[in-house]
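**Student:** Got a predicted structure here, sequence first:
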Amino acid sequence: MPRISFDPLAVLFASLAAVLLLVFLVMLGSTQPSSRGTQVPYTTVQRMATAGSVRFARQLDYDHRILVVDRDGREVWASYPANGALQDQLVNTMRDKNAAVTIDSQSGKQAKRLIVQVLLPILILASLFALFMRISQKSDAGGMGAFSRWAGRRSKLGPGDPQGPSFADVAGAPAAVAELEELCDLLRAPDRYNALGARPPKGALLVGPPGTGKTLLARATAGEAQAAFFSVSGAEFVESLVGVGAARIRDLFAKARDAAPAIVFIDELDAVGRKRGAGVGQGNDEREQTLNQLLVEMDGFDAGGGLIVLAATNRPDILDPALLRPGRFDRQVTVDAPDAEGRAQILSLYLAGRPVAEDVEPAEIARRCSGFTGAELENVVNEAALLTARGGHTAIGMHELDEAIQRVVGGPRNDTHVLSDEELETIAVHEAAHAVVAASLHDGAQVHQLSIVSRGRRLGRATALLLDRDRTVLRRSDLERQLEVAMAGAAAERLAFGEVSTAVNDDLHTATQLARSMVTSFGMSPLGPVTIGEQSAEVFLGASLQELGSVGPGTLERIDAETRVIVEAAEERAAQTLDANWAIVRAIAGDLVEHETLDDAQLAQHLAAVRAAPRNGGHAAP
Ligand SMILES: Nc1ncnc2c1ncn2[C@@H]1O[C@H](COP(=O)(O)OP(=O)(O)OP(=O)(O)O)[C@@H](O)[C@H]1O
Ligand SMILES: [Zn+2]
């Protein structure tokens, strides 16, 4: 038997609407007695009053009428002249003869009228509307589909438009494109595969962080193969009525089969495809039913029949293993943030067709935005165009692009918050230290720009760019260098002021995460060459301790202790480097306080003299 789970908010709206409706009807009834009975001359009413044949009477001051019910139950009404004394006398006569008389006074009536005729209907309509929205958001059952389509809240579920993107609109992801091209081929010429008896893939899982173009790739695949595109997001199924999600999956696949060649795209697959039986509490049933239906559909269709399922996720590790079995999401296509070359290509793509100054060098800009995703790069170009327009220039220049990068990194420049001298000095020393330590470990060219202009709530995040996110295989010494750079700010504050400021928060966070991964994922601590928890190293970089799963409490403490040892050692190394280069730190900080921003050339001058610290041992970790 299907279990119906009700959303408390919907129930609330429904009861509210019902109560209001009831009140409305009651009030409607009480104000409309005039619709019954016949009109009689006023003198007739006067006569009835003196004769004592009136049982009830009601005087409506607001429209000068009196309603009368006589002893036989007959109802009549009359208009009365605007003569207060006469009317009072009539009422007195009636009361003398034991009639029950009520008087609806002018003002009270008007308020009541306003409520009944204006406010109540609005309230009722509003709550009904809200109720409808809740329902139609959750389900397409019944006749709600049309309503919700009209209300515009429904998922984009329908054949793709022929004007959709193609692979030419995707830059810097050659590996992903190559893999998807194969699927295109399958959609275009399924016979070739069928003839060879090859078992063609049914679908592919696009794995990568947000903004790397997974949705874009799926659309482009459809565009390239001239296939219809049906998309739905896993998040839409969370929290819907039991059975609705499964029905929608069935419906989606039926439509896609009819429209073949077609691509079904499921964004945020992890929302619906989590490991079964892993969730807590209610609502789980619904997700599992939806997931089961998805598995059924994927098993049910015949690969080579012009239908391919693509899905996107950034947490492949939490997916139900059943989804990844052969015959389902056979393939995983990794869609990572682009490397320097890829970034340059994406920037070129978005700069093309815009007026660009001659000195603009996409490769150079790309170098300055290590780790940016395609979406962020698009944003950089857009911000730069806005800044150019605002500055009254006609071509996007290097200066605007630089400023745009800073905006995307740390939110728009915040000119309203003026830093005190003390704040400025703290941040200047802190940022100078990051640059100096980075220069001592890598070559000085790594640091492009340094700034202490406050940007949104983040101060001086410019140095976050230092971490080379292009590399995926890092040696232990690479990680230790990253840690040393990260801890440089804190070390410098301690050296200069004897204490740290809140500016170290981001750095500590970065360092802790990295150090903890070294302990739990890379076997780089006395805990030994083991991984702790179930995460793969890559994913684990962002995971928290709670996600470690079933490790004993003693182990957690040891992880914490070892993490701290690693971070403290990194700060100690940073302090040594800073000690050896303290004059340079001071010089840079002084310049920063004065100019707020130092560019490439100015920085290079300072950093040229930086030298590595003599290591006086004692911190050799295992
Ligand atoms: N490789 C790329 N080439 C060109 N444009 C890109 C690329 N990557 C991202 N973009 C731009 O960024 C936008 C957002 O990317 P998209 O929505 O496809 O990312 P996503 O990986 O699906 O992110 P999410 O996981 O948040 O849905 C795209 O519409 C496109 O404009
Ligand atoms: Zn810092």
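**Tutor:** Great, that's in hand. Ligands and ions are numbered 1, 2, ... in the order given.

**Student:** mean confidence for stretch 305-323?
**Tutor:** For stretch 305-323, mean pLDDT is 86.

**Student:** Now do it: distance to the chain's middle.
**Tutor:** Offset of stretch 305-323 from its chain centre (C-alpha atoms, centre = their mean, to the nearest Å): 21 Å.

**Student:** so how far is the first residue of that stretch from its last?
**Tutor:** End-to-end distance of stretch 305-323 (C-alpha to C-alpha, to the nearest Å): 20 Å.

**Student:** buried stuff in it?
**Tutor:** For stretch 305-323, burial by neighbour count (16 or more other C-beta atoms under 10 Å) applies to 306-317, 319-320, 323. Where you see a C-beta, it was placed from the backbone N, CA and C, and this is true even at glycine.

**Student:** Relative to V45, how far out is the spatially closest residue to A492 that is not a sequence neighbour?
**Tutor:** Nearest residue to A492 in three dimensions, chain neighbours excluded: A433, at 3.2 Å (C-beta to C-beta, 6 or more residues apart in numbering). The spacing between A433 and V45, counted by C-beta to C-beta, to the nearest Å, is 97 Å.

**Student:** farthest pair in the buried residues of stretch 305-323?
**Tutor:** Farthest-apart pair in these is G306 and D317; separation 31.6 Å (C-beta to C-beta).

**Student:** who touches the residue of the stretch 451-600 of the chain found nearest ligand 2 in this structure?
**Tutor:** Residue nearest to ligand 2 within the stretch 451-600 of the chain (C-beta to the ion): G489, separated by 3.3 Å. Going by C-beta atoms under 8 Å, 6 or more residues apart in numbering, G489 touches 430-431, 433-434, 463, 503-504, 507.

**Student:** Let's see if you can find the most crowded of these.
**Tutor:** A433 (31 neighbours; other C-beta atoms under 10 Å).

**Student:** Does it fall in a helix, a strand, or a coil region?
**Tutor:** helix (DSSP: H, G, I helix; E, B strand; the rest coil).

**Student:** mind listing what it touches?
**Tutor:** Contacts of A433 by C-beta under 8 Å, 6+ apart are 488-489, 491-493, 574, 578, 585.

**Student:** what about 10 Å?
**Tutor:** 463, 485, 487-493, 495-496, 574-575, 577-578, 581-582, 584-585, 588-589 (C-beta atoms under 10 Å, 6 or more residues apart in numbering).

**Student:** For ChimeraX, write the select line for the buried members of the residues you listed.
**Tutor:** Here is the ChimeraX command that picks out the buried ones among those, judged by 16+ other C-beta under 10 Å:
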select :463,485,487,488,489,490,491,492,493,495,496,574,575,577,578,581,584,585,588,589
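
**Student:** Check whichever residue of the stretch 151-300 of the chain sits closest to ligand 2 and give its pLDDT.
**Tutor:** The stretch 151-300 of the chain approaches ligand 2 most closely through P209 (22.8 Å), counting by C-beta to the ion. Note on P209: pLDDT of 84.

**Student:** so what's it closest to, chain neighbours aside?
**Tutor:** Nearest residue to P209, sequence neighbours excluded (C-beta to C-beta, 6+ apart): N314, at 5.3 Å.

**Student:** That neighbour touches A271, doesn't it?
**Tutor:** No - between N314 and A271 there is no contact under C-beta atoms under 10 Å: 11.2 Å.

**Student:** How about the residues of this protein by ligand 2?
**Tutor:** Within the chain, the positions near ligand 2 by C-beta under 5 Å from the ion are 489, 507.
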